[in-house]
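*Asks:* Need coordinates for the following:
(chains A and B)
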Number of protein chains: 2
Amino acid sequence: MTSTAAGTSAEAREVAVRAEGFVEDLQDWLRIPSISADPEHHGDVARSAAWMADRLRAEGWPQVEVWDDTDALPAVYASWPAADPADPTVPTVLVYGHHDVQPADLADGWSFAPFEPEVVGEELRGRGASDDKGHLAMVRLGVAAHLAATGTDAPAVHLKLLAEGEEESGSAHLASLLAAHREALTCDAIVVTDTGMVGRDAPTVCTGMRGMVDTEIVFRGASVDLHSGQFGGAVPNPVTELARLVAALHDERGRVQVPGFYDDVRPPTDRERAAWAALPFDEPAWLAGSAAGARATAGEEGWSTYERLWARPTAEVNGLHGGYGGPGHKTIVPHAATAKLTFRLVADQDPARVLAGVREFVAAHTPPGIEAEVIAGGPGVPPLICDVDSTLVTTIREAMGAALGAEVLPAREGGSGPEALLSTELAAPLAFLGVMLPSDRIHAPDERAVLPLLLAGAEATAHLWRLLGARGL
Amino acid sequence: MTSTAAGTSAEAREVAVRAEGFVEDLQDWLRIPSISADPEHHGDVARSAAWMADRLRAEGWPQVEVWDDTDALPAVYASWPAADPADPTVPTVLVYGHHDVQPADLADGWSFAPFEPEVVGEELRGRGASDDKGHLAMVRLGVAAHLAATGTDAPAVHLKLLAEGEEESGSAHLASLLAAHREALTCDAIVVTDTGMVGRDAPTVCTGMRGMVDTEIVFRGASVDLHSGQFGGAVPNPVTELARLVAALHDERGRVQVPGFYDDVRPPTDRERAAWAALPFDEPAWLAGSAAGARATAGEEGWSTYERLWARPTAEVNGLHGGYGGPGHKTIVPHAATAKLTFRLVADQDPARVLAGVREFVAAHTPPGIEAEVIAGGPGVPPLICDVDSTLVTTIREAMGAALGAEVLPAREGGSGPEALLSTELAAPLAFLGVMLPSDRIHAPDERAVLPLLLAGAEATAHLWRLLGARGL
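*Replies:* Here you go, the predicted structure:
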């Protein structure tokens, strides 16, 4: 445990004495299968919210509410002001996380029951152990440790907590939830606790996430599948044509060919690139990690794997389907084909502008005899990038560094979440504090969390509230 | 009915007096859903064979057998020697057809019940009305008309008839069937009655069919689908890579890029090209025909549509599937993708050599990080080309011309069947006599036959036996 040596601070001690209870308590929560993507589990999402609200009340949070007044699945809101609730010099910090979890079907390849959590060595195994119940529990533990370590009954900052109930199914109603509770959520900064680190021996703090545009492209040829003997070679084949479009998405250097795609891209700074280059990167381990079993790296020329994932936009085919797929063969010219494409965006790309470029690209790659349709999955998700030099980010690095006993470097994540929406709607800067590892297998079978890291994360949040209370924002 | 004016010959009159009974009898047969591709209908295939054997016996064929002694679904064999069964100067002609039919599911878009045949105007509607029960019934009618017209009780040639029971599911056991009954099937020529004409006003005789190689190509990347946020842009995407392979299958002129693909191709003769150029080609009608609703022609540069279909080999994607295809989006890098490809071959391409080229092509287009597998669907089907100047083909043209009252031009078909196998195994030249139209919708919903054409086809076969008996082969 080189990078997670138990700290010697008061916060570390207060976390340590609460560790056993923390693990039991978290296991209790993990038994509730709060799968937001599955309507059959929406009752469990509500149970999970009620469970969390009960715990927050028991832990002394003065204001705790379950929000079920919008179309959103139940969210939990809590606030714990500083000693003088009206003191405007004390920053108000909103912690964001989510209490819903990804689906988990034993048949997907789990080697243990996803909702019967158990501790194995340093690991807590179960769906949600890391993403994100483990992290919300970590925040709760951190508040308790902070209060005990500082010997007070109110945190050093005005604390607010929002646990969304449908992040894993796309946060479809988060905007209306934020709008309905705009006043309660007023804050000076947002700390999202739903991200991770590059590795246990490479502690990092996330400083940005990619945005996303998702589209479905349909190519239609004849009105029915045609006999390939009667028509093959003499009419366009929608599958072939869509394959050509997909092949044309990237040039031979791996650059996306959507018009204007890179126009707005803000490159990483030299300092960021240097920091990322200093991070360990064990390619075989990375490929094998996360149950990936990928066989090679690939991508845009001139960029490292971290840069490709964190600072470069992508065009990814999530699925392509057309024609016969059953056993044996069927000699047809398929009548249609569909591709689902997602584009990951980086600062300062605009989803609407990218989508317009995609429409232009599809039109330019639709041959005679094919009718194309581009179906946008929604308005898209803007990218989110933190101000790496802000007090908020540097204090998080300091707090995490104190808990982990190591320097914490800036990094980013390649995924997309509701962070830009939170930051924009609440008009507050946003940063991240999370200790997930690539080996946590979030969104995959056999999800787990490394308990010493969750404890260190709790200690880090305890440091963070103390430090931000002292220095402001 | 410009091209199918009732002839004034004795054969025409004998066909005409039997027309009503012919239609009723055929409807009876069409009510048996002899779908060889569906094991649940294999009992119906046997019923269909028994039905046909009964009819042949009733019509006076001296030798009728149902062959169910191999793994093949029941086939019907019949023979009717000429007056002197031992006369070696009389040619022995084997007629080949099949009594099984394509699947037909109302849900596929049928506007009438596929196995409740009915006459609407000149059309007989129902699965198998044209392909191939209608054509086998046509041959039976032609024999009766031939005997009546010539006033004899034996045909002018030694006639044999083979009705296969699993042509529509790929003739998997035809080779063993032929081997098991090699002696009975000995013949001087084979006439296949399972093809059609370019149009009702463009009577043609098929003089060749394409061969086929079918393959499945599997590209595998990681062992599971990967999160496109965590891995997208940094590992190869099997769907994208397979799309690139498909896109590389053809160059910008539409030529197939499989190594050596065109090395053995025998081009059509100048006379054939001239004959094909003289055939009417109404592109909009052709595109709309066969319920196709295709929107444009396309294909290899420098060749007409007929040439592309009849004399040029193709590479066709019958299906491509990989990744997510459900509602909404799923942000994954798919772990695998599969493409089903069929290659139509023309004289003198060799399926084994083409398959070797395909393996070479796939290997050359498999990038690092992708594992490729090429699964061959079988040994492939060799192409079949007739000797256009043979007595057999010129006599068929003459016989059809007499029945249809118009010149019958040589043409080919783009499909593939067991003809090369028949011709090779039985060591006999092979030709075609069929009156299917593109609008018969064979293999598609709403199959139908044009009754006056089936009657004219019966008359043509009656002429053919008379003419071949007189002139030999």
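*Asks:* Burial check on A:Gly211, number of neighbours?
*Replies:* Close neighbours of A:Gly211, defined as other Cβ atoms under 10 Å in any protein chain shown, add up to 26. To be clear about C-beta, it is placed using only N, CA and C from the backbone, and glycine gets the same treatment.
*Asks:* For it, which residues are in contact?
*Replies:* A:Gly211 makes contacts with A:Arg344, A:Leu345, A:Val346, A:Gln349, A:Pro351, A:Gly380, A:Val381, A:Pro382, A:Pro383, A:Leu384, A:Ser416, A:Ala420, as judged by Cβ atoms under 8 Å, 6 or more residues apart in numbering or on different chains.
*Asks:* separation between it and chain B?
*Replies:* 11 Å (Cβ to the nearest Cβ, to the nearest Å).
*Asks:* same deal with A:Gly380?
*Replies:* Distance check for A:Gly380 against chain B: by Cβ to the nearest Cβ, it reads 11 Å.
*Asks:* what's near enough to touch that residue?
*Replies:* Here A:Gly380 is in contact with A:Gly211, A:Met212, A:Val213, A:Asp214, A:Leu345, A:Pro351, A:Ala352, A:Val354, A:Leu355 (Cβ under 8 Å, 6+ apart).
*Asks:* Closest one of the residues you listed to chain B?
*Replies:* Among these, A:Asp214 lies closest to chain B (Cβ to the nearest Cβ), at 4.3 Å.
*Asks:* and the closest one, what pLDDT?
*Replies:* A:Asp214 is assigned 94 on the pLDDT scale.
*Asks:* if we can go back for a sec, which of the contacts of A:Gly211 fall within helices?
*Replies:* Assigned to helices by DSSP state H, the following of those qualify: A:Pro351, A:Ala420.
*Asks:* Name the nearest residue to A:Tyr77, ignoring sequence neighbours.
*Replies:* A:Glu65 (4.7 Å; Cβ to Cβ, 6 or more residues apart in numbering or on different chains).
*Asks:* Which elements pack onto the helix or strand where that neighbour lies?
*Replies:* Here A:Glu65, judged by DSSP states H and E, is contained in strand A:63-67. If you count contacts as 3 or more Cβ pairs under 8 Å, 6 or more residues apart in numbering or on different chains; DSSP states H and E, strand A:63-67 packs onto helix A:42-58, strand A:75-80.
*Asks:* The lowest-mean-pLDDT helix or strand in chain A vs chain B: in contact?
*Replies:* Lowest by mean pLDDT, DSSP states H and E among the helices and strands of chain A is helix A:283-288, with a mean of 82. Yes - applying Cβ under 8 Å from any Cβ of the partner chain, one finds helix A:283-288 touching chain B at A:Leu287.
*Asks:* Show residues contacting that helix.
*Replies:* If you take Cβ under 8 Å, 6+ apart as the criterion, helix A:283-288 is touched by A:Gly293, A:Ala294, A:Arg295, A:Ala296, A:Thr297, A:Thr305, A:Pro438, B:Val235.
*Asks:* Now do the contacts for the last one.
*Replies:* Residues in contact with B:Val235, defined by Cβ under 8 Å, 6+ apart, are A:Leu287, A:Ala292, A:Ala294, A:Ala296, A:Thr297, A:Ala298, A:Gly299, B:Gly221, B:Ala222, B:Leu226, B:Val333, B:Gly369.
*Asks:* just these: which has the poorest pLDDT?
*Replies:* A:Ala292 (64).
*Asks:* Put the alpha carbons of stretch A:421-439 into CSV.
*Replies:* Listed next in CSV are the C-alpha coordinates belonging to stretch A:421-439 (Å, rounded to 0.1, in the frame of the first residue of the first chain):
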residue,chain,number,x,y,z
LEU,A,421,-24.8,20.9,-17.1
LEU,A,422,-24.2,21.2,-13.4
SER,A,423,-21.5,23.9,-13.8
THR,A,424,-23.5,25.9,-16.3
GLU,A,425,-26.9,25.6,-14.6
LEU,A,426,-25.6,26.4,-11.1
ALA,A,427,-23.1,29.0,-12.5
ALA,A,428,-20.3,27.6,-10.4
PRO,A,429,-16.8,26.2,-11.1
LEU,A,430,-16.6,22.4,-10.8
ALA,A,431,-13.8,20.1,-9.8
PHE,A,432,-13.5,16.4,-9.1
LEU,A,433,-12.4,14.2,-6.1
GLY,A,434,-12.6,10.5,-6.6
VAL,A,435,-10.5,7.4,-6.0
MET,A,436,-11.9,4.9,-8.5
LEU,A,437,-9.4,2.7,-10.2
PRO,A,438,-9.5,1.3,-13.7
SER,A,439,-9.6,-2.1,-12.0
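*Asks:* Let me see the mean pLDDT of stretch A:136-143.
*Replies:* 98.
*Asks:* and of the contacts of helix A:283-288, the nearest to A:Leu320?
*Replies:* Comparing the contacts of helix A:283-288 against A:Leu320 with Cβ to Cβ picks out B:Val235 as the nearest, at 17.1 Å.
*Asks:* Next one: that closest one, what pLDDT does it get?
*Replies:* At B:Val235, the model reports a pLDDT of 93.
*Asks:* Give me the three-state assignment for it.
*Replies:* Here B:Val235 is recorded as coil under DSSP: H, G, I helix; E, B strand; the rest coil.
*Asks:* Can you give me the distance of it to B:Tyr262?
*Replies:* Distance, B:Val235 to B:Tyr262, by Cβ to Cβ, to the nearest Å: 36 Å.
*Asks:* I'd like to know how far A:Leu320 sits from B:Ala462.
*Replies:* To B:Ala462, A:Leu320 is 53 Å away according to Cβ to Cβ.
*Asks:* what's the answer for A:Arg220, then?
*Replies:* Distance of A:Arg220 to B:Ala462, computed by Cβ to Cβ: 46 Å.
*Asks:* Report the rounded mean pLDDT for the strand holding A:Glu65.
*Replies:* Averaging pLDDT along strand A:63-67 yields 98.
*Asks:* would A:Asn318 count as being in a helix?
*Replies:* No - read with three-state DSSP, A:Asn318 is strand and lies in no helix.
*Asks:* any low-confidence regions in the stretch 301-450 of chain A?
*Replies:* Along the stretch 301-450 of chain A, no part satisfies pLDDT under 70.
*Asks:* Could I get the full set of helices for it?
*Replies:* Counting by DSSP state H, counting those that start in this stretch, the stretch 301-450 of chain A has helices at residues A:305-310, A:351-364, A:391-404, A:419-425.
*Asks:* Give me the residues contacting the first one.
*Replies:* Read that as helix A:305-310. The contact list for helix A:305-310, computed with Cβ under 8 Å, 6+ apart, reads A:198, A:208, A:210, A:268, A:273, A:276, A:279, A:281, A:283, A:286, A:297, A:299-300, A:314, A:346, A:411-414, B:230-234.
*Asks:* Narrow those to those that are buried.
*Replies:* The neighbour count (16 or more other Cβ atoms under 10 Å in any protein chain shown) marks A:198, A:208, A:210, A:268, A:273, A:276, A:279, A:286, A:297, A:299-300, A:314, A:346, A:411-414, B:230-234 as buried among the contacts of helix A:305-310.
*Asks:* So which residue of chain A lies furthest out from the middle?
*Replies:* Each residue of chain A has a distance to the centre, and by Cα atoms, centre = their mean the biggest one is for A:Gln230: 50.1 Å.
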